[in-house]
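J.: fold the following, please.
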Amino acid sequence: MVSNTFKKQMFDPHSDDPFLLLLIMRHDSWATDQFLVNNNEDIVSNGNTFIGLPMTVKLPQEDGETVPTVQIEIDNVSIDLIDEIRSITSPIQAEVYGVLSSNPDIIETELKELEISNIEYNASKITATLVLNSFLSQNIPPENYSPSLFPGLF
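T.: Here you go, the predicted structure:
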């Protein structure tokens, strides 16, 4: 549940305490996780330093019919981050947290267990689609029952 301060700042047209989105990207082959924040300066939240970058985040719709996706566009990225992305071939795990700039240690909202399903980049920008890595989107059973694999069924 979000705090009353958070609700007030979200709906106030002239907020003096901006809402920040923290993005954590993880991959087994990376030496360290990537910590980013949509801010013009770095911040520390719960002991982690988040690098401030211009970032646009489009949060998922909650219509109950589509798989929730988060669209992220990060500008002015470093070549180091692009090199990290180029070095992998398997999905990147991600988490998105919402905090107020006045108290970045208090998590107001969160999206966990996200996976980057599509990522594009150029010299100055990264665009990514994050999807919920949910058991509801997995095939169960994982096999397709076809005559070639299961001839006794047909």
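J.: please state the offset of the longest strand belonging to the chain from the chain centre?
T.: Taking DSSP state E as the criterion, the chain has its longest strand at strand 109-121. Chain-centre distance of strand 109-121: 4 Å, with CA atoms, centre = their mean, to the nearest Å.
J.: next: stretch 10-21.
T.: Centroid separation between stretch 10-21 and its chain, computed with CA atoms, centre = their mean, is 20 Å.
J.: any idea how far apart the tips of it sit?
T.: Stretch 10-21 has its terminal residues 13 Å apart, counting by CA to CA, to the nearest Å.
J.: quick one: residue 129 from residue 52, how far?
T.: Distance, residue 129 to residue 52, by CB to CB, to the nearest Å: 23 Å. The C-beta positions use only the backbone N, C-alpha and C, and glycine is treated the same way.
J.: how near is residue 50 to residue 29?
T.: Applying CB to CB, the value for residue 50 to residue 29 is 21 Å.
J.: who has more neighbours out of the two?
T.: Set residue 50 next to residue 29 and count neighbours by other CB atoms under 10 Å: residue 50 wins out with 25 against 9.
J.: does the more buried one touch residue 34 like I think?
T.: No - contact criterion CB atoms under 8 Å: residue 50 and residue 34 do not qualify, at 9.5 Å.
J.: shared neighbours of the two, anything?
T.: residue 23 (CB atoms under 8 Å, 6 or more residues apart in numbering).
J.: tell me the contacts of the closest residue to residue 39 other than its chain neighbours?
T.: Of all residues not flanking residue 39 in the chain, residue 52 sits nearest, at 4.0 Å (CB to CB, 6 or more residues apart in numbering). Contacts for residue 52 were tallied using CB under 8 Å, 6+ apart; they are 37-43.
J.: so which of those comes closest to residue 13?
T.: Nearest to residue 13 out of the contacts of residue 52 is residue 38 (CB to CB; 19.1 Å).
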